[in-house]
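**Q** model this:
(4 chains)
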There are 2 protein chains.
Amino acid sequence: MNKIDLRPYLEGRGLRRSLRRERVAEVFLNQKGHLTAEELLALVRRRDKKIGLATVYRTLKLLTDCGLAVERKFNRPVSTFEPLFPGRHHDHLICLGCGAIVEFENPSIEALQEEVALKHRFTASHHVLDLYGYCRKCRPKVSGSGKKP
Amino acid sequence: MNKIDLRPYLEGRGLRRSLRRERVAEVFLNQKGHLTAEELLALVRRRDKKIGLATVYRTLKLLTDCGLAVERKFNRPVSTFEPLFPGRHHDHLICLGCGAIVEFENPSIEALQEEVALKHRFTASHHVLDLYGYCRKCRPKVSGSGKKP
DNA sequence: TTTAGTGCAAACTCTTTGCAGCTAA
DNA sequence: TTAGCTGCAAAGAGTTTGCACTAAA
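**A** Predicted coordinates:
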């Protein structure tokens, strides 16, 4: 169980610890997926029937401010949140057919990105790399043309 | 003036040409920025006072379906649209300070991405690479440490 | 006792859609 | 003449916020 102590993040902001906030954070930080606020709500409700959507949003915002989460909008209107662990990073392959999300890591790409930032005199903070396409199952049938893969 | 003929995209879809649609497409395809629907509406209204927001959205959707535009959601709730020209592609450096967007191209990164997709048996369609950071002017001052500007 | 946290519902923002009239084919 | 296109306004979807109550410090 990935127990993260929120206290250092709360202190200095005049924030209190609260049962519900800790619960949301715990459930969120202990999964690897890409959750929407609604999905996270459903997970937390297994343990706490009365928790509301607003609290989930508020906690996700807090975690994002603390650098413990990232908010992503893939190709849909809903935001997807993902836990962020220092030093670890991955990018995404997104299937335009079935919506599957595959994570990957590629140090060579990371290095090149660093180079690009440097060349433009940017202090790199983070990045987002999404490769969209079709997974093997969803590969569209090309009619007529003998288009090569 | 970058005049693109929409006919090949309209035919076969049972769609008609229309003055307003052509106008929206023309204005959109002849700028390089990253426009929201509202911003595009304002631009088009300079020439056509009566055009509505819905038409702009509908046309942007059409262009996106045709592969002539991409919809992006940087870190805000509004969608940003950008014209897409076949064979040309660039990525973005986004300054977290002033919001400046710098475009760059890097064939080595592109090649590596292709490799990644292949390795995961994805048919790559397009990708999104955003590098977030601080430009030279906005580089944050780190208090306490003697970090040089 | 003070003030932050919470659920609920209303408000907000962005985008899509239904409809009646307009227009290309 | 037929069916797609349009503006308008209303509806939707996702997220934020105001408020009265609860609970941490």
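
**Q** show residues contacting stretch A:110-128.
**A** Contact with stretch A:110-128 is made by A:70, A:72, A:89, A:91, A:129, B:93, B:95-96, B:102, B:104, B:106, B:108-109, B:112, B:128-136, B:139-140, as judged by Cβ atoms under 8 Å, 6 or more residues apart in numbering or on different chains. To be clear about C-beta, it is placed using only N, CA and C from the backbone, and glycine gets the same treatment.

**Q** give me the subset of these lying in strands.
**A** A:70, A:72, A:91, A:129, B:93, B:95, B:102, B:104, B:128-134 (DSSP state E).

**Q** which single one of the residues you listed is nearest to DNA strand D?
**A** Proximity of these to DNA strand D (Cβ to the nearest atom of the strand) peaks at A:R72, which lies at 9.8 Å.

**Q** got the contact list for that closest one?
**A** Here A:R72 is in contact with A:34, A:79-82, A:128 (Cβ under 8 Å, 6+ apart).

**Q** surely A:C135 and A:I101 touch.
**A** No. Between A:C135 and A:I101 there is no contact, the gap being 10.2 Å when judged by Cβ atoms under 8 Å.

**Q** which SS state does A:R16 fall under?
**A** State at A:R16, reduced to three classes by DSSP: H, G, I helix; E, B strand; the rest coil: coil.

**Q** can you pull the contacts of it?
**A** So A:R16 contacts A:L10 (Cβ under 8 Å, 6+ apart).

**Q** check which helix or strand covers the residue nearest the centre of chain A.
**A** Centroid-nearest residue in chain A, with Cα atoms, centre = their mean: A:E82, separated by 2.4 Å. If you go by DSSP states H and E, A:E82 is part of strand A:80-83.

**Q** that strand and DNA strand D in contact?
**A** No. Strand A:80-83 lies out of reach of DNA strand D by Cβ under 7 Å from any atom of the strand, never closer than 7.9 Å.

**Q** contact partners of that strand?
**A** Identification of contacts with strand A:80-83 by Cβ under 8 Å, 6+ apart yields A:28-29, A:31-37, A:40, A:60, A:63-64, A:68-74.

**Q** could you do stretch A:25-35 as well?
**A** Stretch A:25-35 is contacted from outside by A:1-4, A:6, A:40, A:43-44, A:47, A:59-60, A:63, A:68-69, A:72, A:80-83, A:101, using Cβ under 8 Å, 6+ apart.

**Q** export it to CSV, keeping only CA atoms.
**A** Listed in CSV are the C-alpha atoms of stretch A:25-35, where the atom choice follows Å, rounded to 0.1, in the frame of the first residue of the first chain:
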residue,chain,number,x,y,z
ALA,A,25,-5.8,10.6,-1.9
GLU,A,26,-5.1,7.1,-0.8
VAL,A,27,-7.4,5.4,-3.3
PHE,A,28,-6.2,7.6,-6.0
LEU,A,29,-2.5,7.2,-5.4
ASN,A,30,-2.8,3.5,-5.1
GLN,A,31,-3.9,2.8,-8.6
LYS,A,32,-2.0,3.3,-11.8
GLY,A,33,-4.8,4.0,-14.2
HIS,A,34,-6.1,7.1,-15.7
LEU,A,35,-9.2,8.0,-13.8
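
**Q** buried ones in it?
**A** Buried residues in stretch A:25-35, defined by neighbour count with 16 or more other Cβ atoms under 10 Å in any protein chain shown: A:25-29, A:34-35.

**Q** cool, stretch A:49-64 as well?
**A** The neighbour-count check on stretch A:49-64 (16+ other Cβ under 10 Å) flags A:51, A:55-57, A:59-60, A:62-63 as buried.

**Q** how far away is A:A117 from DNA strand D?
**A** 27 Å (Cβ to the nearest atom of the strand, to the nearest Å).
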